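S.K.: Sharing a sequence plus its predicted fold:
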Amino acid sequence: MKKALQLTFLLLTSLVIGQNTYLHCGKLIDTKTGKVVSEQTIIVVGDKISAVENGYVPTKSSDDILIDLKDKTVMPGLIDMHVHIESETSPTRYLDVFTKNDADVAFNAAEIANRTLMAGFTTVRDLGGSGVNVSLRDAIARGKVPGPRIFTVEKAIGTTGGHADPTNGRSKELMGDPGPAEGVINSPEEARKAVRQRYKNGADLIKITATGGVLSVAKNGQNAQFTQEEVNEIVKTAKEYGMVVAAHAHGKEGMKRAVLAGVQTIEHGSFMDKEVATLMKQHNTYLVPTLSAGRYVEEKAKIPNYYPPVILPKIASTMAVLDDTFEMVIKEGVPIAFGTDAGVFPHGENAKELVYMVEAGWTPMFCLQSATITNAKLLDMENQLGQIKEGFIADLIAVDDDPTKNISTMEQVVFVMKEGKVYKK
């Protein structure tokens, strides 16, 4: 009996101790202090960071793994607060809904998830799809397929004819009359039901389309599309169910209503002015700029028939104001969270957003912090993600150069570890 207990203890001890991984890092981005430190060793046990030591600490056992990153810069895994993991831009995008089954969407989404992880994004916030995104989130969490940690809204909530109405642009025979189950509402009561339906379907948070959008098949890309009462009810109900709200918004009035209602983030913010910027600072509402989407859409608009004709004037009017908008946003000090709108442009190119942000006027360290420590806080995971620190989840990436001096190096991530497992080396 005694020997059996000793054997059980030894087995349990071996499971707890596991195999340690030592990462020798030439440079390390300390996102908390905003400093770059040299010659550090990260010790990973299981899925957590066990210690961060000065110098190159040798392994203590022949079973330990040593990863040599002495000529690399190491930082926490990146977090993208705005992706669409189920879909990707193409000239046939507006026909895909009629030709692809859920299984097609799922297989494509799994490939997209892997591509996103290989680009160094270990966590993403998925802001709208068909519902396949919930299944993908769960499959990744269970280790069935590789991909980033996903927080998803399931389906976005819009109004009839609004940016998130899935039947925009269809013939009358195919339009039907979608309601709260499909994420389309027209009253505070329906708003409440739509939020509850998203909760029932497995959503982690809520997204609303507070204004028109650029790429929806509808002519207005700026108008407010919810009443104040409807937005208030969405935010109130979401809070009761333990969820926050992200608001797609290009136009000023829709942004104001969303901020006053208490949304956590404004996505895009194209036509923001100083009044809205001041309001966002007062309410601690974060802007997710998604500069990559604008750059890509502007370029593709030059290709005949890439987008439906109704979309082209919206692209032109939006791009005409973006430089001035973000110059004002930086000057006013609007809170910023990193997000790209990947899916509007090819997934895996998410890190281009960092380059565009630096070009717009933010510092490289600010941009890296927005994609790590800031986003971890907004996801309520500030004690688990976004830093290289003892006890944090071992989400780590590496690049060849120092991104505080050469931000474009972020476009070529050479090492990816998620939850202590190496996916790219």
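M.R.: Perfect, thanks for sending it.

S.K.: Chain neighbours aside, what residue packs nearest to Gln225?
M.R.: Using Cβ to Cβ, 6 or more residues apart in numbering and skipping residues adjacent in sequence, the residue nearest Gln225 is Gly162, 4.2 Å away. All C-beta spots, glycine's among them, are computed from the backbone N, C-alpha and C.

S.K.: For the one you found, which three-state class applies?
M.R.: Recorded secondary structure, Gly162: coil (DSSP: H, G, I helix; E, B strand; the rest coil).

S.K.: Next, the contact list for it, please.
M.R.: Residues counted as contacts of Gly162 (Cβ atoms under 8 Å, 6 or more residues apart in numbering) are 184, 209, 212, 216, 218, 225.

S.K.: now, among these, which is nearest to Leu136?
M.R.: Proximity of the contacts of Gly162 to Leu136, judged by Cβ to Cβ, is greatest for Thr209, which lies at 21.9 Å.

S.K.: ok, now how distant is that closest one from Glu88?
M.R.: Here the criterion is Cβ to Cβ, to the nearest Å. By it, Thr209 lies 20 Å from Glu88.

S.K.: With Ser135 instead?
M.R.: For Ser135, the distance to Glu88 - Cβ to Cβ - is 18 Å.

S.K.: Which of those two has more residues huddled nearby?
M.R.: Glu88 (20 against 17; other Cβ atoms under 10 Å).

S.K.: Surely the more buried one touches Val105?
M.R.: No: with contacts defined as Cβ atoms under 8 Å, Glu88 does not count as touching Val105, sitting 10.8 Å away.

S.K.: other SSEs contacting the lengthiest helix in the chain?
M.R.: Secondary structure assigned by DSSP state H gives helix 312-332 as the longest helix of the chain. If you count contacts as 3 or more Cβ pairs under 8 Å, 6 or more residues apart in numbering; DSSP states H and E, helix 312-332 packs onto helix 274-283, helix 291-300, helix 352-360.

S.K.: Pipe those into TSV and attach mean pLDDT, distance to Thr340 and mean neighbour count per row.
M.R.: What follows is the helices and strands packed on helix 312-332, written out as TSV (pLDDT from 0 to 100; distance: least, Cβ to Cβ, whole Å; neighbours: other Cβ atoms under 10 Å):
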stretch	mean pLDDT	distance to Thr340	mean neighbour count
helix 274-283	98	20	17
helix 291-300	96	5	19
helix 352-360	98	4	21
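
S.K.: can you list those helices in JSON lines and add distance to Leu117?
M.R.: Listed next are the helices and strands packed on helix 312-332 as JSON lines, based on distance: least, Cβ to Cβ, whole Å:
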{"stretch": "helix 274-283", "distance to Leu117": "31"}
{"stretch": "helix 291-300", "distance to Leu117": "18"}
{"stretch": "helix 352-360", "distance to Leu117": "17"}
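
S.K.: count of residues packed around Glu411?
M.R.: Using other Cβ under 10 Å, Glu411 has 17 other residues around it.

S.K.: Quick check, it in contact with Glu353.
M.R.: No: using Cβ under 8 Å, Glu411 is not in contact with Glu353, being 10.1 Å away.

S.K.: Chain neighbours aside, what residue packs nearest to Val37?
M.R.: Leu28 (5.1 Å).

S.K.: Give the partner strands of the one helix or strand that neighbour maps to in its sheet and their orientations.
M.R.: Using DSSP states H and E, Leu28 falls within strand 20-30. Strand 20-30 sits in its sheet next to strand 35-45 (antiparallel), strand 65-76 (parallel), going by DSSP bridges.

S.K.: between the ones you listed, which one is nearest to Ile315?
M.R.: strand 65-76 (34.0 Å).

S.K.: That closest one: what's the following helix or strand?
M.R.: strand 78-83.

S.K.: Would you mind getting the angle between that next one and helix 352-360?
M.R.: 90 degrees (axes from the mean of the first three to the mean of the last three Cα atoms, to 10 degrees).

S.K.: Quick one: list the elements packing against the helix or strand following strand 78-83.
M.R.: Toward the C-terminus, strand 78-83 is succeeded by helix 93-99 as the next helix or strand (DSSP H and E). Based on contacts counted as 3+ Cβ pairs under 8 Å, 6+ apart, there is no element that helix 93-99 packs against.

S.K.: Show me which residues of the helix or strand following helix 93-99 are buried.
M.R.: Once the chain leaves helix 93-99, the next helix or strand it forms, by DSSP H and E, is helix 102-118. For helix 102-118, the neighbour count (16 or more other Cβ atoms under 10 Å) marks 105-106, 108-110, 112-118 as buried.

S.K.: Can you add pLDDT and give these back as a markdown table?
M.R.: Listed next are these as a markdown table, based on pLDDT from 0 to 100:
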| residue | pLDDT |
| --- | --- |
| Val105 | 94 |
| Ala106 | 96 |
| Asn108 | 96 |
| Ala109 | 97 |
| Ala110 | 98 |
| Ile112 | 98 |
| Ala113 | 98 |
| Asn114 | 98 |
| Arg115 | 98 |
| Thr116 | 98 |
| Leu117 | 98 |
| Met118 | 98 |
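
S.K.: Closest one to Lys252 out of the residues you listed, please.
M.R.: Distances from Lys252 to the buried residues of helix 102-118, taken by Cβ to Cβ, are shortest for Thr116, at 32.3 Å.

S.K.: Okay then, goodbye and thanks.
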